[in-house]
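Peer 1: any chance you can model this:
(chains A and B)
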Amino acid sequence: MKTTRFINAAILPAATIAAPVLAIARFRDELPDPVATHWNLDGTVDGSMSLTGLLLTAGATLVLPGIALLVGTTVWSHRLPRGSAPFGAGLGAFLAVLGSAIVVSTAVEQRGLATYTDADSPAILLVIAAATVAGLGAALLNRSLPYAPSSLTSHRSGPAFSSAESMELGDAERMVFVETQSVNWLLAVAMAIFLAGVVTVVFGPILVGVILMLSALPAAALGRIRVQVDRNGVVVRSALIPLRFAKIGLADIESAGAIDVNPMSWGGWGYRGSLRVAGTAAVVTRGGPGMRLDLTKDRLFAVTLDDPDTPSRLLNTLVTA
Amino acid sequence: MLLRVDHESSVSLHEQIAGSIRASIASGDLQPGEKLPPARQLADGLDVNVHTLLRAMQTLRDEGLLEMRRGRGTAVTGAAPNLASFNELAKKLVAEARKGGMNNDQILQIVKGQL
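Peer 2: Below is the predicted model:
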């Protein structure tokens, strides 16, 4: 365990910072300045950057965020939902090594050149392969860390969870609970991205604009969700676009209750986790009250709800009926 | 919003559903502008025919509580919270008056007398 933490939280990050800095320091005098940083499909240079610029860009966009993710998932691996820590560590290592290897390969391949336009296109496949290997390695190492998600355990047994009582429901009676939940900042983000897409379509590259418009969809989908609880179980849908986040049959539900949802302990917003793979999943739109379902086969599902008590009582009634 | 219907009740299903939705609006559980789920999804949960559910929604539309727009779903109107509570009161008044053996004209007379 100690070795794992040491490699993931110290050696890998240190190496990804040290390698590019050392490479540039070592070859600085032999390198053209600016260096070539972008190539056409046919291999001719169409972009350049100063050495410092390349170092800062790779550091700010890849290496440092990657290291943050890697260290974070290593240090807090026990507090993250099952499955998300190895994934985060893998992604973090991938990004960090990718950024680092891009700088190193640039320095190695372009040394001795008079001007950057002479540069051949780099061995980008090799760079990606190195990053992938590092990512997989970090993910595997992270998997060996002990898994004891304190947040999930406290969901299970802590005082935050109150098992709701059941309610009166006759044999011929049917009840349906529906809550529509809006998260204004998500809707605002979706709207902003969408408008940026529209502006780009009109004034800029159409493809980029369309991609921007499409990328507004996840925020829009999550910005207004509708949870319906009835004799069939629980369904979580987007209220804005025809998308179903989750459907949990009544037969799979053992009991329901209220919890306090902290997005950080579920790994962020959106559909977190996986019932099939990890046995734990949640639809998280915000922090605050939510409903927790204990499912068969020791699985757990949660969804943020302003009124978790009413549907919990309804479910507990339906389950025992 | 919590809807409840009793399939064995003497009150018709569509009236029960309308009453349930009306109560949710009156209590503020359903806010003005809020959209109702598609009729099919609600009908399935309540174990009723879609037409029964649509009939309930039409009643509420006629009362001015819901607006139904083709392709845009059914939403609670801005005036609904006020109207809903008065409709609830009117329903109680009519029910009590009928228990007292009054006919429609007599009930209208009483209401008119208060105006």
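Peer 1: and stretch A:131-146, how far out from the chain middle?
Peer 2: In terms of C-alpha atoms, centre = their mean, to the nearest Å, the centre of stretch A:131-146 is set 16 Å apart from its chain centre.
Peer 1: for stretch B:90-107, that is, sorry about that
Peer 2: Worked out by C-alpha atoms, centre = their mean, stretch B:90-107 lies 18 Å from the chain centre.
Peer 1: mean confidence score for it?
Peer 2: The pLDDT scores in stretch B:90-107 average 87.
Peer 1: next one: stretch A:19-32
Peer 2: Stretch A:19-32 carries an average pLDDT of 85.
Peer 1: and what of stretch A:248-256?
Peer 2: Per-residue scores along stretch A:248-256 average to 93.
Peer 1: mind checking the end-to-end distance for that stretch?
Peer 2: Length of stretch A:248-256, first residue to last, C-alpha to C-alpha, to the nearest Å: 12 Å.
Peer 1: quick one: that stretch near chain B?
Peer 2: No: judged by C-beta under 8 Å from any C-beta of the partner chain, stretch A:248-256 makes no contact with chain B; its nearest approach is 11.2 Å. Every residue, glycine included, has its C-beta placed from N, CA and C.
Peer 1: for that stretch, what is the distance to the chain centroid?
Peer 2: Distance, stretch centre to chain centre, for stretch A:248-256: 27 Å (C-alpha atoms, centre = their mean).
Peer 1: strands of the chain, residue ranges please.
Peer 2: With no chain named, the answer covers chain A. Here chain A has its strands, by DSSP state E, at A:35-39, A:45-49, A:162-163, A:173-182, A:224-230, A:233-238, A:244-249, A:253-261, A:270-274, A:280-284, A:288-295, A:299-304.
Peer 1: ah, no, chain B please
Peer 2: B:2-6, B:66-69, B:73-76.
Peer 1: before we move on, the earlier item: would you mind giving the strands of chain A as TSV with distance to B:Ala43 added?
Peer 2: Supplementary listing: the strands of chain A in TSV, determined by distance: least, C-beta to C-beta, whole Å:
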stretch	distance to B:Ala43
strand A:35-39	57
strand A:45-49	59
strand A:162-163	31
strand A:173-182	9
strand A:224-230	10
strand A:233-238	14
strand A:244-249	17
strand A:253-261	22
strand A:270-274	27
strand A:280-284	24
strand A:288-295	23
strand A:299-304	23
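Peer 1: quick one: closest of these to B:Gln58.
Peer 2: Closest to B:Gln58 of those, according to C-beta to C-beta: strand A:173-182, at 18.7 Å.
Peer 1: which stretch in the strands of chain A is the model least sure about?
Peer 2: Comparing mean pLDDT over the strands of chain A, the weakest stretch is strand A:162-163, at a mean of 50.
Peer 1: A:Ala282 and A:Ala302 touch, don't they?
Peer 2: Yes: with contact defined as C-beta atoms under 8 Å, A:Ala282 counts as touching A:Ala302 (4.0 Å).
Peer 1: more neighbours: these two, which one.
Peer 2: For A:Ala282 versus A:Ala302, neighbours defined as other C-beta atoms under 10 Å in any protein chain shown are more numerous around A:Ala282 (29 against 22).
Peer 1: returning to what we had before: give me whichever of the strands of chain B is most buried.
Peer 2: Scoring these by mean neighbour count under mean count of other C-beta atoms under 10 Å in any protein chain shown gives strand B:2-6 as the most buried, with a mean of 21.
Peer 1: now do that strand: distance to the chain's middle.
Peer 2: Counting by C-alpha atoms, centre = their mean, strand B:2-6 is centred 12 Å from the centre of its parent chain.
Peer 1: can I get stretch A:97-104 as CSV, trimmed to CA atoms?
Peer 2: Extracted C-alpha coordinates of stretch A:97-104, given in CSV (Å, rounded to 0.1, in the frame of the first residue of the first chain):
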residue,chain,number,x,y,z
VAL,A,97,2.6,11.7,-18.8
LEU,A,98,1.0,12.9,-22.1
GLY,A,99,2.0,16.5,-21.3
SER,A,100,5.4,15.5,-20.1
ALA,A,101,6.2,13.2,-23.0
ILE,A,102,5.1,15.8,-25.6
VAL,A,103,7.6,18.3,-24.2
VAL,A,104,10.4,15.7,-23.9
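Peer 1: contacts for that stretch?
Peer 2: A:12, A:15-17, A:19-20, A:23-24, A:54-55, A:58-59, A:61-63, A:66, A:122, A:126-128, A:130-131, A:134-135 (C-beta atoms under 8 Å, 6 or more residues apart in numbering or on different chains).
Peer 1: name the residues of chain A found near chain B, please.
Peer 2: Chain A comes close to chain B at residues A:170, A:172-180, A:226, A:228, A:230-232, A:235, A:239, A:310, A:314, as judged by C-beta under 8 Å from any C-beta.
Peer 1: which of those residues count as buried?
Peer 2: Buried members of the residues of chain A next to chain B, counted by 16 or more other C-beta atoms under 10 Å in any protein chain shown: A:173-180, A:226, A:228, A:230-232, A:235, A:239, A:310, A:314.
Peer 1: so in chain A, where's the weakest helix or strand by average pLDDT?
Peer 2: helix A:150-157 (a mean of 42; mean pLDDT, DSSP states H and E).
Peer 1: give me the most central residue, chain B.
Peer 2: B:Ala18 (3.2 Å; C-alpha atoms, centre = their mean).
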